[in-house]
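> below is the sequence, then the predicted model.
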Amino acid sequence: MNLPVIQAERLEKSFDGQAVLDGLDLAIAPGQIVGLLGTNGSGKTTLIKCLLGLLRPTAGVCRVFGEDAWDMSPATKSRLGYVPQEAELLPWMTVQQMCDYTGAFYKHWRADDVQSLICQWQLSPDQRTGALSVGQRQKLGVILALGHHPDLLVLDEPVASLDPSARRQFLSTLIDRVEVEQNTILFSTHITSDLERIASHVAILRAGKLAWFGPLDELKDGCKRLRLYFADGAPTDLDLPGLVRWDRHQNHAVVTVASFDQGLLDALHRRWNCDVRVEDMNLEEIFLEWSGAAEVPSTVATEVGS
Ligand SMILES: Nc1ncnc2c1ncn2[C@@H]1O[C@H](COP(=O)(O)OP(=O)(O)OP(=O)(O)O)[C@@H](O)[C@H]1O
């Protein structure tokens, strides 16, 4: 297997004794485009900062291109592009000056590309960055991170403040880039439709660990909602492989499973002789189930592996 581009091993991060990341493992292979999902405060930014060596882990280790993230060489740093949630801009500089200034730090800065993105995303080169709107700042942040054609691009909610047309343009630019250059991308987002457009893999953060990490298609194909109808009342215990959660009612149960297949269907028929209705779920529904954001009656909730 190829060396992971970026990885975390048994990563723990606490603030004031409160664990945010709790023994998290992650390995992103070259060329993967990973969308990171998690509820507010679940630790997405903390994970990204630990992965990039911007925060020191409480325990465990993060690696970027095989190097300890906390002690990265300048050569490895130059292969990274990072767009923080809020772009760090020098307010007295113009858009053009900010680009030139940033470009001076990189050997392989592509000024021609940067110019065309400034034009495409309708920024004024002569405007001071301090006077930009939140969305314009975000656009400039992305341009600054793309200018040196990084091998690994990490974006923390890059499109949260962009209007739908700017989001579309931004995603198209990313897709075009990746097709040509085969870069690796990690991005956090709350917009599941965007993730569905560009991600090859999905990571779902929950309770300080990854509740799911794998190919987007696998998540969508395997995750199903089942409605089970029982002749003699629903059982009180439902021990199924890949059970994400279930709600018990008198004569039926609503069940979410992570890896639905014919074998599971046969097992349900054999064990309970119940009628089963299988429903597809969209990515937003899947995320709500996996992240624990969907309402779970505490008496009947069962987590995978518990
Ligand atoms: N420097 C810090 N000091 C203390 N607590 C922190 C610090 N940074 C983050 N936290 C806490 O860690 C938790 C995770 O925060 P984080 O910003 O990583 O979440 P997030 O998933 O990115 O949230 P959002 O979706 O709202 O951006 C929160 O409870 C936050 O208050």
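Right, received. Where do you want to start? Residues are numbered from 1 along each chain as shown.

> run through the helices of the protein in chain order.
Per DSSP state H, the chain carries helices over the ranges 44-51, 74-77, 95-103, 111-120, 134-146, 164-181, 192-198, 216-222, 262-272, 283-291.

> the first one close to the ligand?
Yes - under the criterion of C-beta under 6 Å from any ligand atom, helix 44-51 makes contact with the ligand via 44-46. (C-beta placed from N, C-alpha, C; glycine too.)

> which outside residues touch the lowest-mean-pLDDT helix or strand in the chain?
Lowest by mean pLDDT, DSSP states H and E among the helices and strands of the chain is helix 164-181, with a mean of 82. Contact with helix 164-181 is made by 31, 33, 117, 120-121, 135, 139, 142, 146, 149, 153, 158-159, 162, 183, 185, 191, 194, 197-198, as judged by C-beta atoms under 8 Å, 6 or more residues apart in numbering.

> same question for stretch 74-87.
45, 52, 64-65, 67, 106-108, 137-138, 140-142, 144-146, 148, 150-158, 160.

> mean confidence for it?
Across stretch 74-87, the average pLDDT comes to 91.

> now stretch 241-256: buried residues?
Across stretch 241-256, burial judged by 16 or more other C-beta atoms under 10 Å covers 242-248, 252-256.

> farthest pair within the residues you listed?
Gly242 and His252 (19.8 Å; C-beta to C-beta).

> for Gly147, list the residues it contacts.
Gly147 neighbours (C-beta under 8 Å, 6+ apart): 99, 102-103, 106, 109-111, 113-114.

> try 7 Å
Gly147 sits next to 99, 102-103, 106, 109-110, 113-114 when contact means C-beta atoms under 7 Å, 6 or more residues apart in numbering.

> distance check, the residue nearest the centre of the chain against His190.
In the chain, the centroid-proximal residue (C-alpha atoms, centre = their mean) is Leu36; its distance is 1.1 Å. According to C-beta to C-beta, to the nearest Å, Leu36 and His190 sit 10 Å apart.

> low-scoring stretches of this protein, by residue?
Residue ranges of the chain with pLDDT under 70: 1, 292-306.

> related to what we said a few turns ago, of the contacts of Gly147, closest to Glu88?
Closest to Glu88, out of all of the contacts of Gly147 and judged by C-beta to C-beta, is Thr102, at 10.4 Å.

> apart from its neighbours in sequence, what residue is nearest the closest one?
Among residues not flanking Thr102 along the chain, Leu144 sits closest, at 4.9 Å (C-beta to C-beta, 6 or more residues apart in numbering).

> so that neighbour sits against Asp100, correct?
No - using C-beta atoms under 7 Å, Leu144 and Asp100 do not qualify as a contacting pair, with a distance of 10.8 Å.

> pick out whichever of these two has more residues nearby.
Leu144 (23 against 14; other C-beta atoms under 10 Å).

> quick one: buried ones out of the contacts of stretch 74-87?
45, 52, 64-65, 137-138, 140-142, 144-146, 148, 150-158.

> how many residues are close by Glu86?
13.

> go on, Glu218?
Counted with other C-beta under 10 Å, Glu218 comes out at 14.

> quick check: Gly60 touching Ser14?
No - the criterion here is C-beta under 7 Å, and Gly60 misses it with Ser14 at 11.5 Å.

> point me to the residue of the stretch 201-306 of the chain nearest the ligand.
Per C-beta to the nearest ligand atom, Leu205 is where the stretch 201-306 of the chain lies closest to the ligand, at 6.8 Å.

> from the ligand, how far out is Ser188?
To the ligand, Ser188 is 7 Å away according to C-beta to the nearest ligand atom, to the nearest Å.

> surely that residue meets Lys44?
Yes - Ser188 lies in contact with Lys44 (C-beta under 7 Å); the separation is 4.2 Å.
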